[in-house]
Structure formats: C-alpha cells, structure tokens
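Participant: Here is a sequence together with a model predicted from it:
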Amino acid sequence: MQSSTTPLATEKLARSMPKSPKSRAKRKPKARTNGEGTLFQRKNGTWVAKITVSIEGGKQKFKSMNAKTQEEASRKLKELTSEASQGIVVDGALTVGAFLNDWGKTILPARNIKANTIENYHNSINSHIVPAIGNIKLSALKVKDVEKMLQNMAKKNMSHSTMRITRSVLIIAIKYAEQCDMVPKNVASLATLPRGPKRESRAMTEDQAKLFLESARGHRLEAAWVVMLVTGLRTGECLGLEWDAIDLKSGTLRVKQALVTQGRDLQSTEPKTPRKLVLGAPKTPKSNRTIALPNLAIRALRSHKDRQAVEIVNAGDKWNHSNLVFTGISGKPINPSNFRRSFVKVTESAGLGHWHPHELRHTAVSLLSAHSLPLQHIADMAGHSSTRMTGEVYRHSIQPSVSAHVAPMDAIFK
C-alpha cells in the first residue's frame with residue numbers, strides 16, 4: 001500500500017521530531033575579555049558585580065563584589081571596570097608589591113602633587129616597602145606586618161622622619177585600595193610608628209654665626225648665605241630669587257618662587273635622564289611673603305650685584321641671562337648639591353665642622369627668639385605653614401610686609 005504522505009508533510013514532520021543530543025548541544029559562550037563585567041542577582045536577592053581580571057592558559061579569573069541593590073551593584077561594576085582600564089589589577093592573589101607598582105604608575109601621577117614628591121614616594125616604595133612586605137598578598141596584609149617593617153627600619157637607625165614618610169606613603173596607597181573594596185580596612189593607618197633616633201635641628205650661636213660670616217667674606221656666594229641667615233629663607237627660596245623680586249632702595253625682597261629639583265619621568269621606559277632644576281611654587285601658600293632686609297643683607301646684595309655684573313661681562317655670549325640673583329659661574333641655576341658643598345667648606349674652614357645650609361634658617365629663628373622677638377613675627381618671617389613650627393596658635397591675618405626682625409638682626413651683626 002502506497003503512502004499518501006506528501007513531501008511537504010514529511011518535511012514538517014521531520015522538523016517537529018525531537019532532535020538528537022548532538023543537534024541540541026548549545027554553542028559554548030564566548031569568553032569575556034579582560035575588564036568586561038556583568039551584573040546578576042542571586043536567589044537570596046543579593047546583587048553581584050562581576051568582572052574578568054585575567055585570562056591565563058585559557059582559564060578566566062574573576063573579581064566580584066556584592067551589593068544590596070542593583071543601583072549599588074552597577075556603581076561597583078563601574079568602579080571595577082575603571083580600575084581595570086587604568087591598569088589596577090583586582091585579583092585576589094595580588095601582592096603588595098604588584099599593587100604598589102600599578103598604583104605608582106597609574107594612580108599616583110594623577111594626584112595633584114609635585115614631581116619630586118612623586119619621586120620621593122617611589123623611593124620609599126622601592127627602598128623600604130617592597131623589600132619588606134612586597135611579597136605579601138594585599139588582601140592578607142596585617143597591621144603586624146607593617147609594624148615589623150617599621151621596627152626593622154628603626155633597628156637600622158633610620159630617622160623618625162624616614163619611617164613616618166614610609167608609613168604615610170603606604171597609608172595613601174592602601175586608602176585607595178580600601179576605597180576600591182580591594183581590602184576591608186587600611187592596616188597601615190593602624191600601625192604604630194616606633195620611635196626613631198631623634199635628630200635635633202641645630203642652630204649656630206651668635207659667636208658661631210659671626211665666625212661663619214667672617215669665613216664667608218669675599219666668597220661669590222657670601223650674599224646668599226647672609227640673606228638666609230638674616231631672613232630665614234629656605235635654600236630653594238634663596239636660589240630661586242630673581243632681581244625683580246628685590247628692592248634694594250626700600251630694602252625688601254619678595255618670595256614668590258623656589259628652585260626645585262625635578263626628578264626623571266617615572267613613566268618613561270627610557271634610561272634615567274638627568275634631574276632638572278626648575279622654578280616652581282614655594283613650599284606652602286604662606287611661603288609667599290615680603291620680607292624687609294636688615295642692613296647686612298642690603299650691603300651684601302649690592303656687592304653681589306656688582307660682582308655679578310663683572311662676571312656677565314667676562315662670560316660674554318656664554319652667560320645664561322636668567323635674571324637669577326644667585327647663579328653658577330655661567331649664569332645657570334646653582335645645583336643645590338654644589339651649593340651645599342661650598343657651604344660646608346666655609347663652615348669647616350671657620351672651625352665649625354660640618355653644617356647644612358638649611359641650618360642657617362634654624363639659626364635665624366633661634367637668634368631672633370633669643371632676642372625676645374614675638375613668635376608671630378618669627379613665623380611670618382620664616383613663612384611657616386604651621387604654627388607647630390614656631391609654637392604659636394595659627395593666625396589668619398598675614399602681614400603684607402614683615403619687618404620686626406630687622407632691628408634685632410642689625411643689633412646682632414652691627
């Protein structure tokens with residue numbers, strides 16, 4: 001008996017029949033790429049933000065964050081994808097060293113801080129933090145680990161300042177990790193800072209200061225040291241002075257910039273480049289100030305200007321016309337290291353031993369304090385950003401010109 005089924009009916013019947021297991025096999029989903037994320041909700045109602053952090057040997061690794069609401073999960077997913085795009089790895093196996101390396105290259109440069117400060121942060125990371133705790137997983141870092149690092153630094157007789165800066169760098173970095181939910185808390189901020197060898201700042205006595213000035217007489221940098229001694233200028237402020245900031249007729253100088261050493265580009269893959277000397281902003285906003293000059297400084301600056309005029313003529317086309325008050329023999333900015341070495345030679349020739357130029361600033365404050373000048377005047381002269389430096393309560397009014405120190409300095413060095 002012949003079948004009455006038509007070809008069209010046969011085709012429909014074939015399509016309606018169950019397919020074999022092979023035909024029902026689903027296509028394998030495409031693996032997510034690094035930084036790609038997703039949102040989903042668990043049966044218990046919790047929302048999850050999930051992101052691919054790495055693909056090793058064909059296997060994906062993920063980082064997930066829980067949230068109570070879809071809105072919160074969406075925000076956390078944006079944070080995770082942002083971190084991935086910036087190069088911050090959020091893998092649970094991430095070590096402190098790897099995290100600091102990523103943070104130092106991607107996050108730190110975006111902070112509004114000076115280039116030499118960034119370089120100092122990197123020095124702390126590479127010299128102190130990574131050698132001590134770099135191999136510890138970031139998520140497993142404990143307070144005791146940070147304290148052990150600091151205690152070992154103390155055993156090596158490192159200064160309290162070095163330990164404080166090292167801990168501060170770690171606190172700043174881990175604070176970022178905490179904000180990104182990479183760690184539950186900032187363990188560095190909970191670590192106790194051990195007491196290091198306290199290094200008292202020195203100041204010359206009146207007799208020592210006079211011996212120093214006698215030894216410096218005739219030196220081409222004599223005026224620089226005189227100015228620092230009687231006004232308390234920082235080294236960078238002194239070396240950054242330009243002639244248009246000095247009025248010898250009225251006897252004042254304006255601090256509006258400082259010579260700073262700019263480190264190499266830390267993002268560059270090129271070999272280390274020489275440091276650059278550049279004019280930048282003073283240390284703090286209050287460092288911008290106008291200071292009256294004692295007679296000793298006025299006389300020294302006038303002599304220095306005459307000396308510089310002769311040097312310009314002698315150098316001819318080789319002179320670098322920078323308008324700086326204190327320069328090298330070709331008119332270029334003075335390298336602070338050379339400035340320091342010249343200073344040490346003078347202090348040693350005076351029989352005073354090894355001193356640092358910055359101690360002239362301490363000497364200025366000490367001498368004026370000994371002559372009963374009110375601390376508020378000393379603070380204004382020195383341009384202190386914190387009254388902790390001078391022992392007085394911070395004053396909100398800033399005098400346009402500070403001159404109360406002139407009479408005592410003239411009396412000391414008459």
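Facilitator: Great, that's in hand.
Participant: CA only for contacts and neighbour counts going forward, please
Facilitator: Will do.
Participant: Might you report the residue contacts of the nearest residue to Lys68 once chain neighbours are set aside?
Facilitator: In space, and not counting its chain neighbours, Lys68 is closest to Thr46: 5.4 Å by CA to CA, 6 or more residues apart in numbering. Taking CA atoms under 8 Å, 6 or more residues apart in numbering, we find Thr46 in contact with 66-69.
Participant: now do Ala382
Facilitator: Taking CA under 8 Å, 6+ apart, one finds 231-233, 287, 361, 365 in contact with Ala382.
Participant: Pull the most distant pair out of the residues you listed.
Facilitator: Spanning the widest gap among those are Ser287 and Val365, at 15.2 Å by CA to CA.
Participant: Tell me the secondary structure at the nearest residue to Val226 once chain neighbours are set aside.
Facilitator: Once flanking residues are discounted, Val226 sits nearest to Ala297: 5.9 Å by CA to CA, 6+ apart. In three-state terms, and counting by DSSP: H, G, I helix; E, B strand; the rest coil, Ala297 is helix.
Participant: quick one: Ala297 and Asp410, what's the gap?
Facilitator: 10 Å (CA to CA, to the nearest Å).
Participant: quick one: which of the two has more around it?
Facilitator: Using other CA atoms under 10 Å as the criterion, Ala297 and Asp410 rank with Ala297 on top: 26 against 15.
Participant: Pretty sure Met228 is one of the things that one touches, is it not?
Facilitator: No. Counting by CA atoms under 8 Å, Ala297 does not reach Met228; the two are 9.1 Å apart.
Participant: what's around Asp207, how many residues?
Facilitator: 9.
Participant: whoops, Leu141 was the one
Facilitator: Counted with other CA under 10 Å, Leu141 comes out at 19.
Participant: now swap in Asp181 and tell me
Facilitator: Using other CA under 10 Å: Asp181 sits among 15 other residues.
Participant: before we move on, back to that, need the contacts of Ala382 in TSV (columns: distance to Ala245, pLDDT and neighbour count).
Facilitator: Formatted as TSV, the contacts of Ala382 follow (distance: CA to CA, whole Å; pLDDT from 0 to 100; neighbours: other CA atoms under 10 Å):
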residue	distance to Ala245	pLDDT	neighbour count
Thr231	15	96	29
Gly232	16	93	26
Leu233	14	96	25
Ser287	14	90	23
Arg361	20	91	24
Val365	23	87	24
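Participant: just these now: which is nearest Asn112?
Facilitator: Looking across those and measuring by CA to CA, the closest to Asn112 is Ser287, at 18.6 Å.
Participant: Could you list which residues are in contact with that closest one?
Facilitator: By CA under 8 Å, 6+ apart, the neighbours of Ser287 are 255-256, 382-385.
Participant: so where does Val48 fall, helix or strand?
Facilitator: Secondary structure from DSSP states H and E places Val48 in strand 47-56.
Participant: average pLDDT across that strand?
Facilitator: Strand 47-56 shows a mean pLDDT of 69.
Participant: Tell me where the stretch 201-350 of the chain has strands.
Facilitator: Under the criterion DSSP state E, counting those that start in this stretch, the stretch 201-350 of the chain contains strands at 246-247, 252-255, 258-262, 276-280, 289-292.
Participant: Just say which of those strands is most tucked in.
Facilitator: Mean neighbour count (mean count of other CA atoms under 10 Å) peaks for strand 289-292 among the strands of the stretch 201-350 of the chain, with a mean of 23.
Participant: what's in contact with it?
Facilitator: Under CA under 8 Å, 6+ apart, the answer for strand 289-292 is 231, 251-256, 380-381, 383, 400-403, 406.
Participant: From the residues you listed, which land in helices?
Facilitator: 231, 380-381, 406 (DSSP state H).
Participant: and these, which two are the farthest apart?
Facilitator: Asp380 and Val406 (12.9 Å).
Participant: Between these two, point out the one with more neighbours.
Facilitator: Set side by side, Asp380 and Val406 show more neighbours around Asp380, with 26 against 19, by other CA under 10 Å.
Participant: so what's the more buried one scoring on pLDDT?
Facilitator: pLDDT, read off for Asp380, is 88.
Participant: For it, give its distance to Ile133.
Facilitator: For Asp380, the distance to Ile133 - CA to CA - is 43 Å.
Participant: circling back to that earlier point, list the residues that contact both of Ala297 and Met228?
Facilitator: In contact with both Ala297 and Met228: no residue, using CA under 8 Å, 6+ apart.
Participant: Any stretches of this protein with poor pLDDT?
Facilitator: The chain contains residues with pLDDT under 70 at 1-36, 53-62, 82-92, 196-201, 263-275, 385-402.
Participant: middle-most residue in it, spatially?
Facilitator: Thr117 (2.4 Å; CA atoms, centre = their mean).
Participant: quick one: which helix or strand includes that residue?
Facilitator: Going by DSSP H and E, Thr117 is part of helix 115-124.
Participant: Going by neighbour count, list what's buried in that helix.
Facilitator: Neighbour-count burial for helix 115-124, with 16 or more other CA atoms under 10 Å as criterion, is recorded at 115, 118-122, 124.
Participant: Give the helix, strand or coil label for Lys63.
Facilitator: strand.
Participant: what are the ranges of the strands in the stretch 1-150 of the chain?
Facilitator: 37-41, 47-56, 59-67.
Participant: Which residues outside the helix holding Thr117 are in contact with it?
Facilitator: 104, 108-109, 165-166, 169, 261-263, 266.
Participant: Highest neighbour count among those residues?
Facilitator: Thr166 (23 neighbours).
Participant: And that one, which helix or strand is it part of?
Facilitator: helix 160-179.
Participant: That helix to helix 115-124, inter-axis angle?
Facilitator: 90 degrees (axes from the mean of the first three to the mean of the last three CA atoms, to 10 degrees).
Participant: on that earlier part again, of the contacts of Ser287, closest to Val344?
Facilitator: Ala382 (22.7 Å).
Participant: what about Thr327, how many neighbours?
Facilitator: Using other CA under 10 Å: Thr327 sits among 21 other residues.
Participant: My understanding was that it contacts Phe339; is that so?
Facilitator: No. Applying CA under 8 Å, one finds Thr327 not in contact with Phe339, separated by 9.9 Å.
Participant: Export only the CA atoms of the helix holding Thr117, formatted as PDB.
Facilitator: This file holds the C-alpha atoms of helix 115-124, laid out as PDB (Å, rounded to 0.1, in the frame of the first residue of the first chain):
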ATOM      1  CA  ALA A 115      57.100  65.700  40.500                       C
ATOM      2  CA  ASN A 116      59.900  65.500  43.100                       C
ATOM      3  CA  THR A 117      57.300  64.400  45.800                       C
ATOM      4  CA  ILE A 118      56.100  61.600  43.500                       C
ATOM      5  CA  GLU A 119      59.700  60.500  43.000                       C
ATOM      6  CA  ASN A 120      60.200  60.500  46.800                       C
ATOM      7  CA  TYR A 121      57.100  58.300  47.100                       C
ATOM      8  CA  HIS A 122      58.600  55.900  44.600                       C
ATOM      9  CA  ASN A 123      61.900  55.900  46.600                       C
ATOM     10  CA  SER A 124      60.000  54.900  49.800                       C
END
